[in-house]
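**Student:** Give the three-dimensional model of this entry:
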Amino acid sequence: MAHILIGLDIGGTKTHAIRLEDGAVTAEAIAGSANVQNVSREAASTALAEVFSALGSDADKVVAGAGGIDTANDASGLAGLISPFAPHAEIRAVHDSRLVLAAGRARRGIAVIAGTGSAVWGTDGAGREARAGGWGYLLGDEGSGYWLGRELVRHALRRLDQGLEPDALTRALLADCSLADTVELIAHFHGPTGRRYWAQRSRLVVEAAADDPVAAELLAVAVNDLARLILQVAGRLDISGPVILGGGLGANVPQLAAGIAAALAPHGFDDVRQLDREPVYGVDLLDDPAGRQNPAASDTPRPKS
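**Tutor:** Residues are numbered from 1 along each chain as shown. Below is the predicted model of the structure:
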């Protein structure tokens, strides 16, 4: 019988799932978020029902990566949510940073998530692991999309407090938010917009960084914060890479990747790369304790959405 593996990448806004039969990807599905830190249990169950309806319930193993899997209780909670949809499967739930490293085709190294939030995780390949960041937007998430979006709003409001006219960066933000006046940002920020909305505004900083000194400084702070977290993990594990950059910013913003590589180079890091496919395609590496790679799933680059 074929070994049937279901891989799940459970993000804050979507669940990306694939079905592998003896290492070959045979089906794929995308639904809403199944992360109970972001949605209700009912909504999470609905999303899982949707992807398993598309992929089948006959898997013998499920590997699921999600943000917020920080303890054994977190992992067992997610496994319990999944189990009704894969009743005969062994279920493994891990922090989504593990998917990033595996999708980067590495068993040893450091995974960076720089998306709506931020976190860094690494392993020396011999059983030791370390993590830095990932505290959530109220406590940290430095260098994340949300952090950049919030700092952009703070920049605009500081200018308002100083009696200064909106600069080009502020005008771009107001136009992007369909607002007429800087003071409207206060209510807009504290309204029902949400973290993802402000994380999406980070693109304004990225787009302006080449010409606008404020945007360039914000991006530089994000780079330095992420580099600091990477060095903390590397120091605890005594490794120097590879560093795999995932998340919407990490995988898709060349300026951020170049800045991190430059910040790490003096410390002996020479392999910093952006993830070139969706994290869920790393599940076969996590399912393969003997160290064998399945070419169909592991070595074939797949486009990022």
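
**Student:** Find the least confident helix or strand in this protein, judged by mean pLDDT.
**Tutor:** One helix or strand of the chain scores below all others by mean pLDDT, DSSP states H and E: helix 283-286, with a mean of 87.

**Student:** And the contacts of that one?
**Tutor:** For helix 283-286, contacts defined as C-beta atoms under 8 Å, 6 or more residues apart in numbering pick out 5, 7-8, 18, 20, 23, 63, 65, 92, 94, 98-99, 102-103, 105, 107, 293-294, 297-298. The way it works is simple: take the backbone N, C-alpha and C, and place the C-beta from them, glycine included.

**Student:** Point out where the protein drops to low pLDDT.
**Tutor:** 289-305 (pLDDT under 70).

**Student:** Please enumerate the strands of it.
**Tutor:** Per DSSP state E, the chain carries strands over the ranges 4-10, 14-21, 24-32, 61-66, 90-95, 109-114, 118-123, 129-133, 243-246, 272-274.

**Student:** Which elements pack onto the first one?
**Tutor:** Here strand 4-10 touches strand 14-21, helix 41-55, strand 61-66, helix 96-103, helix 283-286, going by 3 or more C-beta pairs under 8 Å, 6 or more residues apart in numbering; DSSP states H and E.

**Student:** Run the angle between the third one and strand 90-95 for me.
**Tutor:** Right, strand 61-66. Angle, strand 61-66 to strand 90-95, by axes from the mean of the first three to the mean of the last three C-alpha atoms, to 10 degrees: 20 degrees.

**Student:** Also the fourth one?
**Tutor:** Orientation check (the same axes, to 10 degrees): helix 96-103 against strand 90-95 gives 100 degrees.

**Student:** mind saving the C-alpha coords of helix 96-103 as CSV?
**Tutor:** Output of helix 96-103 as CSV, limited to C-alpha atoms (Å, rounded to 0.1, in the frame of the first residue of the first chain):
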residue,chain,number,x,y,z
ASP,A,96,5.5,26.5,11.3
SER,A,97,9.2,27.5,11.3
ARG,A,98,10.1,23.9,11.0
LEU,A,99,8.3,23.7,7.7
VAL,A,100,10.3,26.7,6.5
LEU,A,101,13.7,24.9,7.2
ALA,A,102,12.5,21.7,5.6
ALA,A,103,11.1,23.4,2.6
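
**Student:** so who does residue 5 touch?
**Tutor:** Contacts for residue 5 (C-beta under 8 Å, 6+ apart) come out as 19-21, 59-63, 283-284, 287.

**Student:** Now neighbour count and distance to residue 259 too, for those residues, in a markdown table please.
**Tutor:** Below are the contacts of residue 5 laid out as a markdown table (neighbours: other C-beta atoms under 10 Å; distance: C-beta to C-beta, whole Å):
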| residue | neighbour count | distance to residue 259 |
| --- | --- | --- |
| 19 | 21 | 38 |
| 20 | 26 | 35 |
| 21 | 16 | 41 |
| 59 | 24 | 41 |
| 60 | 14 | 43 |
| 61 | 19 | 39 |
| 62 | 25 | 37 |
| 63 | 27 | 32 |
| 283 | 30 | 30 |
| 284 | 24 | 32 |
| 287 | 20 | 34 |
